[in-house]
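Visitor: need the 3D shape of this:
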Amino acid sequence: MPQPLPRRPAPEPPRRSPLQALREAVLPPLILAAAYAAAVGIVIWQSLTQVRGPSSWRGAAVWAGWGAGALAAAVFAFFVFVTWGMPSADDVWEARQGQSITLLDRNGQVILREGAQNAPPVDVSTLPDYVTQAFVAIEDRRFYSHVGVDFGGLMRATTTNLTAGRVVQGGSTITQQLAKNLFLTNERTFRRKLQEVALALWLEQRFTKDQILALYLSRVYFGASAYGIEAAAERYFDRPARDLTLLQSAMLAGLVKAPSRLNPAQQEDGARERADVVLTEMVAQRFITPDERDAAQREALLISRNNPAGNLGYFRDYIEPVIERYIGDQRDDFIVETSLDLVAQRAAERIMNAKIDEEGEARRFSQGAVLAVDADGGVRTMVGGRQYGRGQGQSEFNRTTQSRRQPGSSFKFFIYLAAMENGLTPWTVRVDAPVTIGDWSPGNYEDRYYGALPLSSAFARSLNMVAISIANEVGHRKVIEVAHRLGVTTDIQDYRSLALGAQEMTLMELTQAYATMANEGRRAYAHGVTRILRASDRSVVYQFRPESTDRVIAERPFRYMNLLMSRGVEAGTSTAARIEGRAIGGKTGTTNDYRDAWFLGFTPGLAAGVWVGNDDHSIRMNRVTGGQAPAQIWHDFMMVALRDVPARELDLPRAEDYGTGPPPPMGDLDMSARPPIRGAPLGPRSVSAQAPVDDGTDRSLDFGPEG
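Guide: As a prediction, the model looks like this:
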């Protein structure tokens, strides 16, 4: 069978020059428009020829009056066409393109800016000369000589664009760009362009050249949510604008053309090439010498590639519902005052990441989270993971609010509080011995038991058997009620293993509950936004108010828990969190098979929680306990978080809390005076009691719901 002949490729169309392509695209509609205009003109001319002209000087004067009126009407109509809907230019700083949000930390420091910012004008006199010269060179070389519109430059740009067949050169001056940024939209229409020209002429009449430059440099967009040269200098080079080098100035000036495409944090080569163009233009206009250009081109360039919000992205996501509810899409400038402590936030990120870098690989943990809540419930620090973002090794998953993990022995806080509220005291003696509940026989860490001892020692050592015993003694329902009263929202089930913290909850729930101890027994309602203001008149749009300020822990149980939790820090599993000169209370937590390690702690006015582990639940850490990496991170972080906070004492038991006689000894009971372990609650097995050892080991390993 004969094979078909190969298909001959179609001949390529002849290549057309850009000018020819433009001619072919423009001429047909122009010819059609000309034909219509000619037809209309013929009709009008024929009508006019039938009109009798003036027969006297008086008639000629009437005709002239009608002509002048028609001309005035045409001018007025053109003026209305251009200015109708044009915003008022009475106050430049009231002009806004859309919505802008400035987030402040609790000390008034700017932590994030979003949207088109109405920042104060840059003080041009504080900037090196080459900063403003770079922008003039690349954006508007005749800036100091034109009246707001460079008609010569506009003609050159038009000719260049027609020759190229596309827009390759803009004709807008810096003043026109400022007019658009201040008052207009990005709509590409003839009317919008005329408005831009009118506003540019007005700006030139009202402001000096330096003032226009200052306004321009405060409003121009540089990509990566950076509006204004100050924000751009901080974003890309981690320095204020006054400290920019020549190369950095040229790079920022080059960004204005295409801020997203030339973003130096993502496209350094392209941004550097554009900076070279700017430097060459500066030489051409004699702003700098060729030697200065060459030196700048050899300059080493360090670009900050951090997310603009850094790990603040976790906190920003957390407060988004409040911002969306009270601000929404309103076109205005807003100031959002937050509870965040920026210095403590940065310290938490640095300390946690350093600990993971130092020990993570050997101890097999790759993630962590840090959360701090003050007595009012304000979130001072929120580190939801190693790095916020969408790139490799980054995650937007917030491990403080979204990750649900077993809290382990940190849950014993609720158990002991329920016990203190139901007649037990830190000196109540219970026996640490094996316990069997039906077919479930949990155990202590390393299967070690300590016999009879006061609850203060049992809590400090995080002994599982005592926690199980007193949880059953006071009733699981009371334990669950305590947890919910203090802010835990998880639907806690009445499992046998309740006392071992085997039910999953978030770091936010636990830290908010522990913050009750930092708030003198009053519920701490976690929040990130304290107030929202309109920037124009400082009117209050939203202000946080707690649902209640009533005590949720009575005074005596509160003092008992302060004693128990401070003892754990001074001589128990939490000694790594101890801070010299500070009254600290806290509790460790380590879950089954070392999958999670926690430390939750507080001092008057501030509580914080730390978790380390892995996102993959199947990975077991290398014997990491809550008293190790988490407590160490907590200690180092709190040293920064409490930097300006005076030390305060915990409210410890008073004379009336001891009953009659002197307070019982706080150490473990004398072994010779201990009752036999037989008869301990819930039917213990016979085990030889061992003398307690203060070795600082975390004895809080726990078991799952079914043991």
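Visitor: make it CA atoms for all contacts and neighbour counts henceforth
Guide: OK.
Visitor: tell me the pLDDT at Glu649?
Guide: Here, the pLDDT recorded for Glu649 equals 96.
Visitor: actually Asn622, not the one I typed
Guide: pLDDT for Asn622: 95.
Visitor: how about it, phi and psi?
Guide: Here is the backbone geometry of Asn622 (degrees, to the nearest 10): phi -90, psi 80.
Visitor: contacts only, for the residue nearest to it when sequence neighbours are not counted.
Guide: Distances taken as Cα to Cα, 6 or more residues apart in numbering place Arg363 nearest to Asn622, at 4.6 Å, with adjacent residues excluded. When contacts are counted by Cα atoms under 8 Å, 6 or more residues apart in numbering, Arg363 touches 621-624.
Visitor: distance of Arg363 from Ala629?
Guide: For Arg363, the distance to Ala629 equals 10 Å [Cα to Cα, to the nearest Å].
Visitor: for Gln367, same thing?
Guide: Here Gln367 is placed at a distance of 12 Å from Ala629 (Cα to Cα).
Visitor: overlap in contacts, the two.
Guide: Listed as contacting both Gln367 and Ala629 by Cα under 8 Å, 6+ apart are Val612.
Visitor: can you show me the strands along this structure?
Guide: With strands called from DSSP state E, the chain shows them at 100-104, 110-115, 333-338, 367-374, 379-383, 429-432, 451-454, 529-534, 540-543, 585-590, 596-603, 606-613.
Visitor: just send those strands back as TSV, with distance to Ala344, mean neighbour count and mean pLDDT too.
Guide: Formatted as TSV, the strands of the chain follow (distance: least, Cα to Cα, whole Å; neighbours: other Cα atoms under 10 Å; pLDDT from 0 to 100):
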stretch	distance to Ala344	mean neighbour count	mean pLDDT
strand 100-104	14	21	89
strand 110-115	12	17	79
strand 333-338	14	23	93
strand 367-374	9	28	97
strand 379-383	7	28	97
strand 429-432	40	24	94
strand 451-454	38	24	94
strand 529-534	17	20	96
strand 540-543	23	14	96
strand 585-590	19	32	95
strand 596-603	15	31	97
strand 606-613	11	29	98
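Visitor: how about a markdown table for those, with distance to Asp636 added?
Guide: Putting the strands of the chain into a markdown table (distance: least, Cα to Cα, whole Å) gives the following:
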| stretch | distance to Asp636 |
| --- | --- |
| strand 100-104 | 25 |
| strand 110-115 | 23 |
| strand 333-338 | 23 |
| strand 367-374 | 12 |
| strand 379-383 | 14 |
| strand 429-432 | 33 |
| strand 451-454 | 31 |
| strand 529-534 | 26 |
| strand 540-543 | 32 |
| strand 585-590 | 15 |
| strand 596-603 | 13 |
| strand 606-613 | 11 |
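Visitor: which of these sits closest to Asn464?
Guide: For the strands of the chain, proximity to Asn464 was assessed by Cα to Cα; strand 429-432 is nearest, at 8.3 Å.
Visitor: so what strands line up beside that closest one?
Guide: Applying DSSP bridges, strand 429-432 is found paired with strand 451-454 (antiparallel).
Visitor: show me how far the strand it pairs with is from its chain's centre.
Guide: Here strand 451-454 is found 49 Å from its chain centre; the criterion is Cα atoms, centre = their mean, to the nearest Å.
Visitor: for it, list the C-alpha coordinates in PDB.
Guide: Included here for strand 451-454 are C-alpha records, laid out as PDB according to Å, rounded to 0.1, in the frame of the first residue of the first chain:
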ATOM      1  CA  GLY A 451       4.600   4.600  98.500                       C
ATOM      2  CA  ALA A 452       2.900   7.200 100.800                       C
ATOM      3  CA  LEU A 453       3.700  10.800 100.100                       C
ATOM      4  CA  PRO A 454       2.000  14.200 100.200                       C
END
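Visitor: before we move on, back to that, right, and the strands of the chain - which one's nearest Asp269?
Guide: Closest to Asp269 of the strands of the chain is strand 110-115 (Cα to Cα; 26.8 Å).
Visitor: hey, C-alpha coordinates of the closest one in PDB?
Guide: Extracted in PDB, the C-alpha atoms of strand 110-115 (Å, rounded to 0.1, in the frame of the first residue of the first chain):
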ATOM      1  CA  VAL A 110       4.600  48.800  63.800                       C
ATOM      2  CA  ILE A 111       4.700  45.100  63.100                       C
ATOM      3  CA  LEU A 112       3.000  44.900  59.700                       C
ATOM      4  CA  ARG A 113       1.500  47.200  57.100                       C
ATOM      5  CA  GLU A 114      -1.000  46.200  54.600                       C
ATOM      6  CA  GLY A 115      -2.600  48.000  51.700                       C
END
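Visitor: from Ser339, how far off is Lys194?
Guide: Just so we're on the same page, residue 194 is Leu rather than Lys. Relative to Ser339, and taking Cα to Cα, Leu194 is found at 47 Å.
Visitor: which one's more surrounded, those two?
Guide: Ser339 (25 against 14; other Cα atoms under 10 Å).
Visitor: can you give me the pLDDT of that one?
Guide: Looking at Ser339, its pLDDT is 97.
Visitor: same check, this time on Arg96
Guide: 50.
Visitor: number of nearby residues for Ala253?
Guide: Count around Ala253 with other Cα under 10 Å applied: 27.
Visitor: which residues touch it?
Guide: 134-135, 138, 275, 278.
Visitor: ok, 10 Å please
Guide: By Cα atoms under 10 Å, 6 or more residues apart in numbering, Ala253 lies in contact with 131-139, 217, 222, 229, 247, 259, 274-275, 278-279.
Visitor: again with Asp550
Guide: When contacts are counted by Cα under 10 Å, 6+ apart, Asp550 touches 521-523.
Visitor: assess the claim that Ile101 and Phe334 are in contact.
Guide: Yes: with contact defined as Cα atoms under 10 Å, Ile101 reaches Phe334; the gap is 4.9 Å.
Visitor: okay, and the common contacts of those two?
Guide: Shared contacts of Ile101 and Phe334, counting by Cα under 10 Å, 6+ apart, come down to 114, 117, 323, 327, 532-535.
Visitor: return the member of the residues you listed nearest to Gly254.
Guide: Gln117 (20.4 Å).
Visitor: shared neighbours of Arg363 and Ala629, which are they?
Guide: Residues touching both Arg363 and Ala629 (Cα under 10 Å, 6+ apart): Ile356.
Visitor: Val149: which of the contacts of Asp550 is nearest?
Guide: Arg523 (62.7 Å).
Visitor: skip the chain neighbours and tell me the closest residue to Ala458.
Guide: Val466 (6.6 Å).
Visitor: measure the one you found to Leu203 for me?
Guide: When Val466 is compared with Leu203 (using Cα to Cα), they lie 78 Å apart.
Visitor: among the two, which residue is more densely surrounded?
Guide: Per other Cα under 10 Å, whichever of Val466 and Leu203 has more neighbours is Val466, with 29 against 22.
Visitor: tell me who's in contact with that one.
Guide: Contacts of Val466 by Cα under 10 Å, 6+ apart are 429-435, 444, 449, 451-455, 458-459, 472, 499, 680-681.
Visitor: with Val474 instead?
Guide: Residues near Val474 by Cα under 10 Å, 6+ apart: 415-416, 418-424.
Visitor: and the residues you listed as a markdown table, adding pLDDT, neighbour count and distance to Ser548?
Guide: A markdown table is the format used below for the contacts of Val474 (pLDDT from 0 to 100; neighbours: other Cα atoms under 10 Å; distance: Cα to Cα, whole Å):
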| residue | pLDDT | neighbour count | distance to Ser548 |
| --- | --- | --- | --- |
| Ile415 | 97 | 28 | 24 |
| Tyr416 | 97 | 28 | 24 |
| Ala418 | 97 | 26 | 21 |
| Ala419 | 96 | 23 | 25 |
| Met420 | 96 | 21 | 23 |
| Glu421 | 96 | 18 | 21 |
| Asn422 | 94 | 14 | 24 |
| Gly423 | 92 | 10 | 26 |
| Leu424 | 95 | 18 | 28 |
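Visitor: of those, closest to Arg595?
Guide: Ranked by distance to Arg595 (Cα to Cα), the contacts of Val474 are led by Ile415 at 22.3 Å.
Visitor: pretty sure the closest one is touching Ala467, no?
Guide: Yes: here Ile415 lies in contact with Ala467, judged by Cα under 10 Å, at a distance of 7.0 Å.
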